[in-house]
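K.L.:
Structure here, sequence nowhere to be found:
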C-alpha cells in the first residue's frame, strides 16, 4: 500500500475497499482495511468486522489472527480509558479483551515464527494485566505447599 506509506490514508483505504470488492476472498485486503480503520480512524465497528472477515478467510494465518487480537485489545483499552472518540464496536471492553485473548491464543496455536510468537505472548501479557486473568495456566500464582512431616515412619513429625 504505497499510498499508506505516503501518508495518504484515505487513498489507501479506498484501494483496500476496491480490492475487497473485486476479490472478496482477499484476506490481506480485509486485514489491512480493518487494521487501518481501527488504529488510524478509530472506526472500531467497521474495522473489527473487516478483521473478522480476514480471519475467517485466513483460518491458518497466525499474523491475521494476531492482528485481530491486537486490534480488539486496542479497542478495549480505548473504551476503558473513556477519553477518546471512536465508532462503537458493539461490545464492551471486557468482552473485547476476552475476544482479543481468544484470537491471540488461536494465533499462538498456529505455530507462528519466533518473532511473531513473542509479539503474541506480549499482547497476551498486556491483556492479562488489564483483566487480571492469566492467559496460561502455568502463570497462575499458586501458594507454596505447606511443609509436611516425615511420612517415612508412618506418622507426622
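P.N.:
Right, received. Where do you want to start? A quick note: this is a predicted structure, and the numbers were derived from the prediction, not measured. Residues are numbered from 1 along each chain as shown.

K.L.:
which is the next helix or strand following the strand or helix carrying residue 17?
P.N.:
Counting by DSSP states H and E, the element that carries residue 17 is helix 9-22. On the C-terminal side of helix 9-22, the closest following helix or strand by DSSP H and E is helix 27-41.

K.L.:
Quick check: buried residues in the helix or strand that that next one is followed by?
P.N.:
Later in the chain than helix 27-41, the nearest helix or strand by DSSP H and E is helix 44-57. For helix 44-57, a neighbour-count test (16 or more other Cβ atoms under 10 Å) marks 44-45, 47-55, 57 as buried. For the C-beta atoms, the positions are set from N, CA and C on the backbone; glycine is no exception.

K.L.:
Name the residues that touch helix 44-57?
P.N.:
With contacts defined as Cβ atoms under 8 Å, 6 or more residues apart in numbering, helix 44-57 is touched by 20, 25-28, 30-31, 33-39, 41, 64-65, 67-68, 71-72, 75, 78, 86-90, 103.

K.L.:
Can you read off the pLDDT for residue 136?
P.N.:
Looking at residue 136, its pLDDT reads 78.

K.L.:
show me the contacts for the closest residue to it other than its chain neighbours.
P.N.:
Excluding its sequence neighbours, the residue lying closest to residue 136 (Cβ to Cβ, 6 or more residues apart in numbering) is residue 124, at 7.6 Å. Taking Cβ under 8 Å, 6+ apart, we find residue 124 in contact with 101, 104-105, 108, 135-136.

K.L.:
same thing but 7 Å
P.N.:
101, 104, 135 (Cβ atoms under 7 Å, 6 or more residues apart in numbering).

K.L.:
Mind putting those into TSV with neighbour count?
P.N.:
Below are the contacts of residue 124 laid out as TSV (neighbours: other Cβ atoms under 10 Å):
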residue	neighbour count
101	22
104	27
135	20
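
K.L.:
So for the protein, which residue is the most central one in space?
P.N.:
residue 69 (1.2 Å; Cα atoms, centre = their mean).

K.L.:
My guess is that residue contacts residue 99. True?
P.N.:
No: contact between residue 69 and residue 99 fails when scored by Cβ atoms under 7 Å: they sit 8.0 Å apart.

K.L.:
Buried subset of the contacts of helix 44-57, written for ChimeraX?
P.N.:
Of the contacts of helix 44-57, the buried ones go into a single ChimeraX selection, burial set by 16+ other Cβ under 10 Å:
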select :20,26,27,28,30,31,33,34,35,36,37,38,64,65,67,68,71,72,75,78,87,89,103
